[in-house]
Structures are given as C-alpha cells and as structure tokens.
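J.: output the structure for:
(2 chains)
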Number of protein chains: 2
Amino acid sequence: MSNTEAPVSVDLETLMAPTAKVEQFMAEFLANRPFPINLRDAIGYALLGGGKRLRPLLVILSCEATGGKVDTCLPAAAAIEMVHAFSLVHDDLPAMDDDDLRRGRPTLHRHTSEPMAILAGDALLALAFEVLACRLTDAHVLSTICRELSIAANNMVAGQVYDTLPQFDEGLSDREKLEVIHEHKTGALLRASCRMGAVCGGADAAQLDAITRYADRIGLMFQIVDDLLDVTGCSEEMGKATGKDLDAGKLTYPGVLGVDKSRTEVERLRGEALAALEDFGDRANPLRDLCEYMAVRTS
Amino acid sequence: MSNTEAPVSVDLETLMAPTAKVEQFMAEFLANRPFPINLRDAIGYALLGGGKRLRPLLVILSCEATGGKVDTCLPAAAAIEMVHAFSLVHDDLPAMDDDDLRRGRPTLHRHTSEPMAILAGDALLALAFEVLACRLTDAHVLSTICRELSIAANNMVAGQVYDTLPQFDEGLSDREKLEVIHEHKTGALLRASCRMGAVCGGADAAQLDAITRYADRIGLMFQIVDDLLDVTGCSEEMGKATGKDLDAGKLTYPGVLGVDKSRTEVERLRGEALAALEDFGDRANPLRDLCEYMAVRTS
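T.: Coordinates of the predicted model:
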C-alpha cells in the first residue's frame, strides 16, 4: 500500500532494534516451559511468527525514558506481547472474525486446528502472568504490573465485545461509541505498555502521568491513522472513498469525522503526545521518534 | 445417581459454609468491575451459577489449617474459581466438547452465543489475575500466589491438550499417560488451591510441603473416585461394567487398574492425605473431613 504522505524521516530499524531482546527472551521462556510439544509449537507459531512488536517497543522505550535498563522490563514486554498474541489468535477464530490469514501466513486454527487455537490462546494469556510472576523479581513492581496488565487485558476483551457484540447505553453518539470501542480494544493495551515500562523504569507519579498522557495520545492516533489508511488505501485502488471497515458498517474515524478532520485530529494528538514528554530530556527521544513515525506511517 | 457405598458421616453443609463468603466476594467484585452489560451477564452466568466450589473450599480450609483467617484468602479463593469457571466455559465450546448442558442449565455458548462464550471465558481467566492484583494487599503474598495460579492455569490447559489432542512421548504406559493427564488437567488446580490457601495463611516451608502432599493425594483420589462413579453409576443402570468414559475410549483408572485396585488406591490415598496433616492439630479437622467426604462421595 503506497500513499502520498510525507516520507518517514525516522530510522525504523534502529528504533525497533531493542525488540530483538524481547524476541529472544520470549523464545527462551517458551523453550524452557514444560508443555506438550504440540501446544508449545502452536504457541510459538502465534507468538514468535513476526509482527510489529509495537507494544514491547513501547514498554522498552518508556522504561528507558524514565531511566530504567532494557533488561529490567523484558518480562513486562514479553507479557504484553503474549496478551496481544492471545487476542489475535482468538479474534481470528471461526466463531469470531473467521480469518484465514494473519501476517501473510495461515491463522493458527488453520495451521493447527480450532481446539488447539482456543487452547493455545488461553495458554498465551496465562503465560503472560506466568512470565511476570516468575521473572519479575521485585514484588512491588510485580504487583503494580500485574494490576496494569490484568485490567488492560480485561478492557481489551470488553472492547472486543463492544466492537462485535455491541450493547451500548442509549443516547451515545457514533463518536462516543467509537471512543469507547477504541479506548478498550486498542487503547488499553497501548496505555498499559507505556505504564508498565515506566513502572519498571522507576517512574515517579508525575512521570507516570506524563507517560500515560503520551500513551493515550499515540494510542488514539494509531487508531485514526489505521482507519485513514483503510480509506486512502482503498480509495486509490478502487476509486472510492470507502474502505473495508466502512463497507462492513464499522464505525471509523474518517467515517464519523470525515477524512480532513481525522487528519487534523492526528496532528493535534501528535502535538499533545510530544508535549507530554517535555520534561523527559534526551532519554525520551526514541519515544518522540516513534510518535513521529506513527503519525506518518503508510502501512 | 445412588450406590451402596458407606454413608457419608461428614456434615457437608457445615463444611461448605465458608464458601458463601467467596460467593458474595465474587458477586461484588463482578458487580463493581466496569464491563459491557452483556459481558458481565455472561461472566455472572458462568461464575455465579452454582457448582461444588471445591477449589475455593480447599483455599479456605488450607488457609485456616495454617492459622490464617478466611478474609485474607478470599481473593485467592475467588481467583481459582474464576480459572475453573473459565476452563469449563471453553471446554464446553462447540469446537471442544460441544456440550449443551452444564450443571443442569444450558452451557454459556447455548445461553448466549459462541463468540460471547469465548470472550467471557477469556475475561474470567484475566479476571482471576485482576482480582489477585487488586485485592491482595501484601505484595510478597501476591507474588507467590500469582506464580502458583499462572503455572497451575497453564498446566491445566496443557492437561486439556494431553487429554483431547494427545501427543505423548513414545514408550509411556497407559497408566503413565493417565497420570500425566490427571496431574495437569485436574491435579494442578487442586494443588494450587491448597498451596494458595496455605500461603495466605502464612504457612512455613514444612507446612506448605505437608499441604502439598495432602493436595496431591486428595487430587488423585478425586479423579479415581470420579472414574469409579462413572463405572458404578452406569453399571447399575445399564447392567455392564463400563461407563461413558470407557465407551468413549478415554483412559480411566478403573479401565487401566480395574475396579478393585482402583478402590484400594483410593484407600491408600485417603490414608496418605490424612497422614500428611498429622502435625496440624484440630485446625485441620475440616480438611480431614473433606478428605473423608471425597473418598466416599456418591456424586
């Protein structure tokens, strides 16, 4: 998918480099965890099969921005990616979105079987808490991180319900519904990523607040850009200003606000995200770069 | 189902009484947790719809046996019941056992829908960790409990894989396979129940070891009695010494050991479970009563 947005000035490869450690950490943890071989293979297929690793990256960069070292936050980074992987496996199931492909490969239930995909998804969710409980050595950090992750995971599940089995309070506007869906389904986990990283980095209350503001802005920006890419991608290919989300009757930001106002919203959120990092100094530069990249990404 | 076993001398109602507090605790926690109304209803249907509450009871009695108060272990008791409820909801799914009834009522996916049952099961698993993280106030206790529960939950999922999608090492005998399945699928959560209760009660290492021995004995006994009831229940009704597990080609203790040797095994385990509690004094009497009840239960 190509478009005419400004070229990305951020070196994405350098920015993403720290996630290689998470990759290795997850692979080792899984290899050493006694499991039936077919279950381990299924989990590995879903967890280690590529992906943007945006959430672990946010954990690491937020940890570093608040003065922590990467190694202290690897369990948290792995845990949040496990929760993300669990959600993808279950979302793809025949009873849910019934998707055959994920990241260019057969979805897990196509690769193995539906029962195995259900069970491997369950295991990924439980593993997220196992990796925290077994690898985070500071009990107080574990306590906070476990609370952040469990609440985010439940909010994410709630977001999936709001999105696919909606039963909203009467009187909500489309924009309000869209915000409820986004905040739960996508926002909660991105927010938790940043907050977990900051907690591992030893953030004080003011830093944690600032990181949370950053997280909420880039989280919403991420969603609006996603929706915009769906529209602009399709409009170029098909000559109409609607994408598959709009066709499917899904609420989207361009659909509710229009394309121009959505773009203005992205700019506003980019500015607010950067402003939230004002007091952080150079250590937050990678978080700033990531924000820039997310604002102008084309895929 | 009736049989000719010795009458149960234990007053089950008195023994179970403390679980009313868990019931109330779970209901309150769920009522106060912001969720879409349909998701909360689905979770409540699965979690609060009755059941033996054996696992919460083990948490409470193990906590009391080691000198703790019931109130300190309610989060742990609720969490383990949530994990149990999650496993039942997902086991019942069409892609798994495809069961229509559970505890005399429609299974959750029959009562609501398959997507909702998948999501409510996911939420129950995540809620187990949320209730621990939000309601256990001692960070060190939380750390230990979270480790126990996450490992047990993963072992339970692994047990489901061993049982329904078996891929065993070559050379395992039927009895060894049966043990692997039981230890993971049923044993892990019963063991965790007792250990979590003991940790909440402030058990020292020797007490925790003893409680673990008790848990492993009653866990296996529970399974063998279950298998025996399947055989004896069916044999009385249908005039043959095989039950639905045997008919379904499932490995069972009576199937592998024979009925008489299975009964001898129950007696041995009962003795060992009681012996494990030797040093506990009167505070462990309810655990002893529960063991007696489990050995002679008829349903």
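
J.: the longest helix along chain A - what's its average pLDDT?
T.: Ranked by residue count and defined by DSSP state H, the top helix of chain A is helix A:205-238. If you average the pLDDT over helix A:205-238, you get 87.

J.: and that helix, what other elements does it pack with?
T.: Packing partners of helix A:205-238 (3 or more CB pairs under 8 Å, 6 or more residues apart in numbering or on different chains; DSSP states H and E): helix A:54-65, helix A:174-182, helix A:188-200, helix A:244-247, helix A:253-257, helix A:259-276, helix A:285-296. To be clear about C-beta, it is placed using only N, CA and C from the backbone, and glycine gets the same treatment.

J.: tell me the angle it makes with helix A:188-200.
T.: 150 degrees (axes from the mean of the first three to the mean of the last three CA atoms, to 10 degrees).

J.: now do the buried residues in helix A:205-238.
T.: Buried residues in helix A:205-238, counted by 16 or more other CB atoms under 10 Å in any protein chain shown: A:207-208, A:210-235.

J.: check stretch A:42-51 too.
T.: Within stretch A:42-51, the residues that count as buried by 16+ other CB under 10 Å are A:42-47, A:51.

J.: okay, now the unreliable bits of chain A?
T.: A:1-9, A:234-248 (pLDDT under 70).

J.: now do 50
T.: Filtered on pLDDT under 50, chain A yields the residue ranges A:1-7, A:234-242.

J.: if we can go back for a sec, residue A:33 is nearest to which of the helices and strands packed on helix A:205-238?
T.: Residue A:33 lies closest to helix A:54-65 among these, at 18.4 Å (CB to CB).

J.: from the contact counts, what lies against the helix or strand following that closest one?
T.: Where DSSP states H and E defines the elements, the next helix or strand beyond helix A:54-65 is helix A:70-92. Helix A:70-92 sits against helix A:19-32, helix A:37-47, helix A:54-65, helix A:108-111, helix A:114-135, helix A:139-164, helix A:188-200, helix B:114-135, with contacts defined as 3+ CB pairs under 8 Å, 6+ apart.

J.: just confirm yes or no for the longest one near chain B.
T.: In this case it means helix A:139-164. Yes: residues of helix A:139-164 contacting chain B under CB under 8 Å from any CB of the partner chain: A:139-140, A:142-143, A:146-147, A:149-151, A:153-154, A:157-158, A:160-162, A:164.

J.: buried residues in that helix, which are they?
T.: Neighbour counts over helix A:139-164 (16+ other CB under 10 Å) mark A:141-164 as buried.

J.: before we move on, what about the last one?
T.: For helix B:114-135, the neighbour count (16+ other CB under 10 Å) marks B:114-134 as buried.

J.: now narrow those to whatever sits close to chain A.
T.: Residues of the buried residues of helix B:114-135 in contact with chain A (CB under 8 Å from any CB): B:114-116, B:118-119, B:121-123, B:125-127, B:129-130, B:132-134.

J.: which of these lies closest to residue B:188?
T.: Closest approach between those and residue B:188, by CB to CB: residue B:125, at 14.4 Å.

J.: look up how far residue A:74 lies from the residue nearest to residue A:188 when sequence neighbours are not counted.
T.: Once flanking residues are discounted, residue A:188 sits nearest to residue A:155: 3.7 Å by CB to CB, 6 or more residues apart in numbering or on different chains. Separation of residue A:155 from residue A:74 (CB to CB, to the nearest Å): 24 Å.

J.: next: residue A:35.
T.: Using CB to CB, one obtains 20 Å as the distance from residue A:35 to residue A:74.

J.: coming back round to it: could you dump the helices and strands packed on helix A:205-238 into a markdown table with mean neighbour count added?
T.: Below are those laid out as a markdown table (neighbours: other CB atoms under 10 Å in any protein chain shown):
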| stretch | mean neighbour count |
| --- | --- |
| helix A:54-65 | 28 |
| helix A:174-182 | 18 |
| helix A:188-200 | 28 |
| helix A:244-247 | 14 |
| helix A:253-257 | 21 |
| helix A:259-276 | 16 |
| helix A:285-296 | 20 |
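
J.: nearest residue to residue A:117 other than its sequence neighbours?
T.: residue A:109 (3.6 Å).

J.: ok, the one you found - how many residues close by?
T.: By the criterion of other CB atoms under 10 Å in any protein chain shown, residue A:109 has 26 neighbours.

J.: repeat that for residue A:30.
T.: Residue A:30 is flanked by 21 other residues according to other CB under 10 Å.

J.: now the angle between helix A:259-276 and the longest helix of chain A, please.
T.: 150 degrees.

J.: rewinding a little: out of the buried residues of stretch A:42-51, the closest to chain B would be?
T.: Checking those against chain B by CB to the nearest CB gives residue A:42 as the nearest, at 8.7 Å.

J.: next up, the contacts around the closest residue to that closest one other than its chain neighbours.
T.: Excluding its sequence neighbours, the residue lying closest to residue A:42 (CB to CB, 6+ apart) is residue A:120, at 3.9 Å. Contact analysis of residue A:120 by CB atoms under 8 Å, 6 or more residues apart in numbering or on different chains lists A:39, A:42-43, A:46, A:89, A:108, A:112.

J.: which one of those sits closest to residue B:256?
T.: residue A:39 (23.8 Å).

J.: surely the closest one touches residue A:123?
T.: Yes: the pair residue A:39 / residue A:123 is scored as a contact, 6.4 Å apart, by CB atoms under 8 Å.

J.: mind listing the shared neighbours of those two?
T.: Residues touching both residue A:39 and residue A:123 (CB under 8 Å, 6+ apart) are B:157-158.

J.: just the closest residue of the stretch 151-299 of chain A to chain B, please.
T.: Residue nearest to chain B within the stretch 151-299 of chain A (CB to the nearest CB): residue A:153, separated by 4.1 Å.

J.: can you tell me the closest non-neighbouring residue to that residue?
T.: residue B:126 (4.1 Å).

J.: I figured the residue nearest to residue A:117 hits residue A:91, correct?
T.: No: the pair residue A:109 and residue A:91 does not pass the contact test of CB under 8 Å, sitting 11.0 Å apart.

J.: quick one, what contacts the residue nearest to residue A:188?
T.: Here residue A:155 is in contact with A:183-184, A:188 (CB under 8 Å, 6+ apart).

J.: can I get those residues in a markdown table including distance to residue B:20?
T.: Below are the contacts of residue A:155 laid out as a markdown table (distance: CB to CB, whole Å):
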| residue | distance to residue B:20 |
| --- | --- |
| A:183 | 36 |
| A:184 | 33 |
| A:188 | 34 |
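
J.: noted, bye for now.
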